[in-house]
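**Student:** Structure, please.
(4 chains)
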There are 4 protein chains.
Amino acid sequence: MVKVGIVGGTGYTGVELLRLLALHPHARITAVTSRKEAGMRVDAMYPSLRGYVDVAFSTPETAALHDCDVVFFATPNGIAMGEAVALLAAGVRVIDLAADFRISDVAEWEKWYGMTHASPALVSEAVYGLPEVNREAIRHARLVANPGCYPTAVQLGFLPLIQSGAIELDGLIADCKSGVSGAGRKAELGALLAEAGDSFKAYGVAGHRHLPEIRQGLARVAGQEVGLTFVPHLTPMIRGIHATLYARLSRDIDLQEMFESRYASERFVDVLPAGTHPETRSVRGSNQCRIAVHRPQGGETVVVLSVIDNLVKGAAGQAVQNMNLMCGFAENTGLDVVPLMP
Amino acid sequence: MVKVGIVGGTGYTGVELLRLLALHPHARITAVTSRKEAGMRVDAMYPSLRGYVDVAFSTPETAALHDCDVVFFATPNGIAMGEAVALLAAGVRVIDLAADFRISDVAEWEKWYGMTHASPALVSEAVYGLPEVNREAIRHARLVANPGCYPTAVQLGFLPLIQSGAIELDGLIADCKSGVSGAGRKAELGALLAEAGDSFKAYGVAGHRHLPEIRQGLARVAGQEVGLTFVPHLTPMIRGIHATLYARLSRDIDLQEMFESRYASERFVDVLPAGTHPETRSVRGSNQCRIAVHRPQGGETVVVLSVIDNLVKGAAGQAVQNMNLMCGFAENTGLDVVPLMP
Amino acid sequence: MVKVGIVGGTGYTGVELLRLLALHPHARITAVTSRKEAGMRVDAMYPSLRGYVDVAFSTPETAALHDCDVVFFATPNGIAMGEAVALLAAGVRVIDLAADFRISDVAEWEKWYGMTHASPALVSEAVYGLPEVNREAIRHARLVANPGCYPTAVQLGFLPLIQSGAIELDGLIADCKSGVSGAGRKAELGALLAEAGDSFKAYGVAGHRHLPEIRQGLARVAGQEVGLTFVPHLTPMIRGIHATLYARLSRDIDLQEMFESRYASERFVDVLPAGTHPETRSVRGSNQCRIAVHRPQGGETVVVLSVIDNLVKGAAGQAVQNMNLMCGFAENTGLDVVPLMP
Amino acid sequence: MVKVGIVGGTGYTGVELLRLLALHPHARITAVTSRKEAGMRVDAMYPSLRGYVDVAFSTPETAALHDCDVVFFATPNGIAMGEAVALLAAGVRVIDLAADFRISDVAEWEKWYGMTHASPALVSEAVYGLPEVNREAIRHARLVANPGCYPTAVQLGFLPLIQSGAIELDGLIADCKSGVSGAGRKAELGALLAEAGDSFKAYGVAGHRHLPEIRQGLARVAGQEVGLTFVPHLTPMIRGIHATLYARLSRDIDLQEMFESRYASERFVDVLPAGTHPETRSVRGSNQCRIAVHRPQGGETVVVLSVIDNLVKGAAGQAVQNMNLMCGFAENTGLDVVPLMP
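**Tutor:** Purely as a prediction, here's the structure:
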């Protein structure tokens, strides 16, 4: 039984970690911190947890995080980079669900995130927590940078194509659609039901913070830079990301077979039958990524459809998957959740 | 390990049974019938079940339902009443999620459901499967009539008030709001997203089939007839029922204490703190009923707010709860699901 | 052509006033104030108005509101009561869409709204702007208190019953459901799509500010106090209020005929055929109130279903209707909008 | 005053035509046909039209369509091609909102629509009713083929780029998202709120009927074939299409200026300021198309965002715009509708 702490447990990734960890057979939640809500019972804020989570929010000072085996940071960007050092020094393993350790190039990170990095030395140690790419490194990591939601859906969709060498690496397009929970639990006008409901829009076309993360991930697999246009959209639903990916084939290849063999042994990546279209609800609440690959009219353009639940495989579920790897548990421990449909 | 069959597995209560039973440690799904879809893999219709349910739909003839320990009918009204006799004779225990055995008064049933009852003899044997009222009888039942969704939310909300004798039994009002999955998985104009979305309406004000079922349940507890007005509404969401109940107090009483003590030992009924308002999402995907009780401005009118997930506590979850009782399993086996929020 | 000013034009009632006034043949928008957004073009905040509204937000100081013929206050509660005096003195007619002048009993108002009233003298002069009750007084008013959204739907629904003297005035129940735009354009957690979407809840059961307003309106018609329980709910849609009203009949009467004759000459109240159920979308974007009246199972309880668009008949549309009356225009000028359906 | 008939008035494009024509100052609705609903008042099916449309559905036989000046076909594909001949012969002008006359290449049409064309001779006479391209021809047309919803949004977005000659004509991508009303008012499982709500998916990736229509339109402007990948998606909202278009620039050019000058005199195409993102709700209920153009990171890929209301500019509104042109009315007659927001 590992002792688990959560820093910043009031947001959506926090409550989602609690939902999953509450039923994890080898984890015990010992602390959930929130400076602002310290003293309030967690299930008073989230009645869905009544009967499952029996702790109150505590301040970071009183939380005894150093006694935890694993600490998750479900905080805004810029928090974990300041606090991870001390925890690591105390022997705690750290999983950051924010972006602090995702980009190896510190200067690039500072440009996109608009702050000076507090622990550049840790950036190079951190392992990028996409198990389908970095499984072995994650097993031995002290510090894991949990991937962003868009980057998870996009990388898993492009990966087999890039590894196969069958596509042009220039001119990749990732047209992505996200539910509103991706914006976090923040009181912002644009995320109101009366604003975001029954409407659809793109945002951040000029440049979104997940762009350098995706580019870095694809470049590592390709062994060279890739040209990528990334356009995120807001869709009027709560959970789910749908990535529609476009690439130009450079040679003929059996796409369905390529995807199926690449992910044959992956528990959380499900390649759908040829000709089908995944729905985001087919992964609602689960750690699954479902992918379908198409070649419309037999042309040169390959279209990949990749869906995840942004709060699970795109955040908390992947974090638990990483914890399982780091702690030597079966990778799916606590993650056998059948998606909620309808 | 009990062998479980599901008759009519293509609807929402069917897929919900599959979601819950797939992870039930003591149940094995051996047959899911659908005359229309026979031969099709269940997870081809419901991709959410990929990796969890490894069977195909079969015809009732080939399903060997007689070899099951428990058979669930997730069929339209009027099917189970014809098929239950033979299964019971073969020693199979039967749980009907439709309405065939819910109303003791066969003539009343025939009036509301517009057909002749095929097995009136079984009606009197059937146990009404509301565990919070009939737990002991359910344990020994061969045939359980699983309650309707509205009746579950309404009865659990009125129960403590009626048992206490503190309200007038005339003039009860149940103003209920349901998500659209309550209408089932049927291609009907009124349930289209373009029709039911972003809109709200009442329906069936003249008389809804759940009215006699609720009246019967309340009368049994009261020991006399009750006067009830029941108005169902359609609300633009997928899952969830919110019952707002009104009654007139006939004497002064500590309402909060009354509710808390009535449900103190009930695993699936959660009385919220005084002054709060349950949201339907706080039970999304779970078998929980959450209740709050109010007495606005200290007046004579008591207001009870009762929420359930119509597909779980209002259908499939309660059916599994009944199966657990009938089979001697712990009542919450397979039902420890943390609600999905957001 | 009257010159119109809008104080506080950034909220939902503000943009709705602009939508309606932009096409009003006898009104010209000369000023839209917002201290915070002064200088910004109105259609930069609301692109839906591009091509229709060619002004920028101005500060109240520069807006020359004194030169307007009519000024609408689409501000939070507590603003109009401070600023109306000077405008009225300058000969401007004022319509307040907030609550400052709705409650005649100033002490009662101060209790519910938690502030000291700045202009108690004006309260008695103000006319409550429900044209179906106060048409003649509105025509001659300098200051109109535009009714709240719930109070509009509830009063129009109860009115014929109370006027007929056919119901008991004690034990009235108004179970109301509102779309989220009723909360205004404010960055609040509870109104996020990820919070309020796909869920349903009651709120303010202990006491909502519209309760005294409704009670006052019903008492005026009844000529005596009425006993009312009012429970508002939040429903996952953008616009619309559905009021479900319950009363006990004290004598037999033709309800359908009563409602039809009461509203026969009302342009904006539409009594539906017997046996039907109005949907909120049937009035989306329009100033219509649609009402159906039922007597379930021929019992003593009468059920009235009343729907409005909370932003139109519940706010901006009714305000324009009042302006039309005050200015001697045909009552429906600028309000002939066919509801948007689907 | 022109006499207008609508064939097939029960669907969403039919009710939308009625909404717009009800307030059109120069049109009088004389017949709305529906074989199935003949005799039923139109406003009994669509209560939103109460007070505005005072006719009943009639059979085509009794509708006296030959006496109309203009007849709209709001029917499924394959109806107008059989009935238009006789109407044209009687001197009636015909606007088909279905696809019967959209594709010049009859063999291509028959392949995609799976039927034999009944009036190939009329196909060459029909004018493709996109006023921004074919205004003069529409003015003199007897028969107009009203464009599809996706084709309208996509063509208006690509048009300036293609006309400028500044992009590569191979490898165009149109990633489109539609609200569910695009599927029409048909009782189909996939369009249920419980199926399509709170979820997102692509469909028809292998080939959608709007693909040849878009290709034809772009090719006409380009003067040569274009290479296009078109992926439609279903998004959980009622109205609206958002087209995200990708092309590769072949030379440097001021994109913003190009779009603004191309559409400077177009009443219904609105080029947004640089750097912005149109929302579908900004055109809800209106005939507007709003477009923004981006060049992310100054790269070679141009991204165009184009939104319309699929039922208005994508169907009924554009049809009325065409009628206005054909009848010599001002192009925006009856189309000055401010979008409904929120």
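**Student:** Can you pull the residues of the stretch 151-300 of chain A lying near chain B?
**Tutor:** Listed as neighbours of chain B in the stretch 151-300 of chain A under the rule CB under 8 Å from any CB of the partner chain: A:181, A:185, A:197-198, A:238-239, A:270, A:272, A:276, A:278-279, A:281-286, A:288, A:290. Heads up, the C-betas are built off the backbone N, CA and C, glycines and all.
**Student:** near chain D, from those?
**Tutor:** Applying CB under 8 Å from any CB to these, those adjacent to chain D are A:197, A:198, A:238, A:239, A:278, A:279, A:281, A:284.
**Student:** Switch those over to a markdown table, and while doing so, append distance to residue B:1 to every line.
**Tutor:** Below are those laid out as a markdown table (distance: CB to CB, whole Å):
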| residue | distance to residue B:1 |
| --- | --- |
| A:197 | 46 |
| A:198 | 47 |
| A:238 | 36 |
| A:239 | 34 |
| A:278 | 33 |
| A:279 | 33 |
| A:281 | 31 |
| A:284 | 29 |
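**Student:** for the nearest residue to residue A:341 once chain neighbours are set aside, what are its contacts?
**Tutor:** Spatially, and ignoring its direct neighbours in sequence, residue A:341 is nearest to residue B:48 (4.0 Å; CB to CB, 6 or more residues apart in numbering or on different chains). Counting by CB atoms under 8 Å, 6 or more residues apart in numbering or on different chains, residue B:48 makes contact with A:281, A:282, A:283, A:284, A:286, A:338, A:339, A:340, A:341, B:15, B:19.
**Student:** So which of those wins on neighbours?
**Tutor:** Ranked by neighbour count (other CB atoms under 10 Å in any protein chain shown), these have residue A:283 at the top, with 33 neighbours.
**Student:** what's it in contact with, if anything?
**Tutor:** A:240, A:289, A:290, A:307, A:308, A:309, A:312, A:313, A:339, B:48.
**Student:** What does it show for phi and psi?
**Tutor:** phi -120, psi 10 (degrees, to the nearest 10).
**Student:** Next one: the residue of the stretch 1-150 of chain A found nearest chain C from residue D:327, what distance?
**Tutor:** Across the stretch 1-150 of chain A, the shortest distance to chain C (CB to the nearest CB) belongs to residue A:12, at 7.0 Å. Residue A:12 sits 54 Å away from residue D:327, going by CB to CB, to the nearest Å.
**Student:** More neighbours: which of the two?
**Tutor:** residue A:12 (25 against 16).
**Student:** My read is that residue A:58 contacts residue A:29, right?
**Tutor:** No: Residue A:58 is beyond contact range of residue A:29, at 11.5 Å (criterion: CB atoms under 8 Å).
**Student:** Looks like the residue of the stretch 1-150 of chain A closest to chain C contacts residue A:184 (just checking).
**Tutor:** Yes: using CB under 8 Å, residue A:12 is in contact with residue A:184, at 6.0 Å.
**Student:** buried stuff in the single longest helix found in chain A?
**Tutor:** Ranked by number of residues, the top helix in chain A under DSSP state H is helix A:149-164. The neighbour-count check on helix A:149-164 (16 or more other CB atoms under 10 Å in any protein chain shown) flags A:149-162, A:164 as buried.
**Student:** And stretch A:89-96, by the same measure?
**Tutor:** Neighbour-count burial for stretch A:89-96 [16+ other CB under 10 Å]: A:92, A:93, A:94, A:95, A:96.
**Student:** thinking again about what came up before, mind checking which of the residues of the stretch 151-300 of chain A next to chain B are in helices?
**Tutor:** Per DSSP H, these never map to helices.
**Student:** give the contact list for the closest residue in space to residue A:184 that isn't next to it in sequence.
**Tutor:** The spatially closest residue to residue A:184, leaving aside those adjacent along the chain, is residue A:11, at 5.4 Å (CB to CB, 6+ apart). Each residue near residue A:11 by CB under 8 Å, 6+ apart is listed here: A:74, A:184, A:185.
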